[in-house]
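Colleague: only the shape, not the letters, is given here:
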């Protein structure tokens, strides 16, 4: 019963987001909700270039070879919507089908339809886009100064903003001095030991680069590190929203701060204890930064239906499973569920 309730909630979330974003009629989504469990349609991706073939996988096609897939403008419901823009019959059983594109840029639905008619059993939404090339990338800072154990954020901007592929990668010239963890165009720099390094961002399209010089100074005293951590913790806001910290993350950091404070207040603490307290607090700060909720699941610097589709595809996964998708667990609670879908849906609508 719980599985059925979760399925209904998932479908309802998709319906509400698509209706608001794409002006899709509620009737079309209700129709999908009634789809037979053994007749499904899966897109190989959610965004296609104009002229790129559209590839779909399907299950449960009828033995007579008359089940078919039709491409319609998003929200159109046949037969009232008129003829399909593209279509293909499906071979019996399970398989894949490739449909020629040539569609104008826009949003479309692929419909799984039965027996040469218009009984719809599944519907998937996808986009057709122009391939606008990247022509450059810039960073919001060219010179960054960190204290050992401190973290700072570096942000890349890919141009033009409507480029097709805005994905980037990051690299530190000396990871022992500065480590880099990133999601899309935002990188978190962590100063590890005193020294200098160059952090470079590179675009996937065109291999354009931009660099920042990073200097790491000698670490803070334990007391200064505690003060910095406490200020960061006090300014942070928890919640189930894009950009906020996951629930419970402030309490975890506070626990590490309290443990470090106990050592700092102990006049008899050995240097080994002080160093250990510093290391533990640095680790806690890094873990705290990783608890920021990020609805940009695919790292393209946008909040879109594509992000929602990734989370929906991972729905029901649990941390530790073979197919675990950590990015889909946007609220960092070890499972991909309705809450993750709702966070991404709200971010899309903002």
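Modeller: Ah, there it is. The structure presented is a predicted model; accordingly, all values stated were derived computationally and were not measured.
Colleague: what's the helix or strand containing residue 227 packed up against?
Modeller: If you go by DSSP states H and E, residue 227 is part of helix 222-235. On a contact count with 3 or more Cβ pairs under 8 Å, 6 or more residues apart in numbering; DSSP states H and E, helix 222-235 meets helix 249-264, helix 271-289. Glycine gets a C-beta too; all of them are placed from N, C-alpha and C.
Colleague: got TSV for those helices, with mean pLDDT and mean neighbour count too?
Modeller: TSV is the format used below for the helices and strands packed on helix 222-235 (pLDDT from 0 to 100; neighbours: other Cβ atoms under 10 Å):
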stretch	mean pLDDT	mean neighbour count
helix 249-264	95	17
helix 271-289	92	16
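Colleague: could you dump the ones you listed to CSV with distance to residue 48?
Modeller: Formatted as CSV, the helices and strands packed on helix 222-235 follow (distance: least, Cβ to Cβ, whole Å):
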stretch, distance to residue 48
helix 249-264, 38
helix 271-289, 35
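Colleague: longest strand in this protein, please.
Modeller: Assignment by DSSP state E gives strand 119-129 as the longest strand of the chain.
Colleague: so what are the sheet partners of that strand and their directions?
Modeller: Using DSSP bridges, the strands paired with strand 119-129 are strand 47-49 (parallel), strand 106-114 (antiparallel).
Colleague: picking that back up, and residue 188, which of the helices and strands packed on helix 222-235 is closest to it?
Modeller: Minimum separation from residue 188 across the helices and strands packed on helix 222-235 (Cβ to Cβ) falls at helix 271-289, 5.6 Å.
Colleague: what angle sits between the helix or strand just after that closest one and strand 119-129?
Modeller: Once the chain leaves helix 271-289, the next helix or strand it forms, by DSSP H and E, is helix 305-313. Counting by axes from the mean of the first three to the mean of the last three Cα atoms, to 10 degrees, helix 305-313 points 140 degrees away from the direction of strand 119-129.
Colleague: list the contacts for residue 309?
Modeller: Taking Cβ atoms under 8 Å, 6 or more residues apart in numbering as the criterion, residue 309 is in contact with residue 46.
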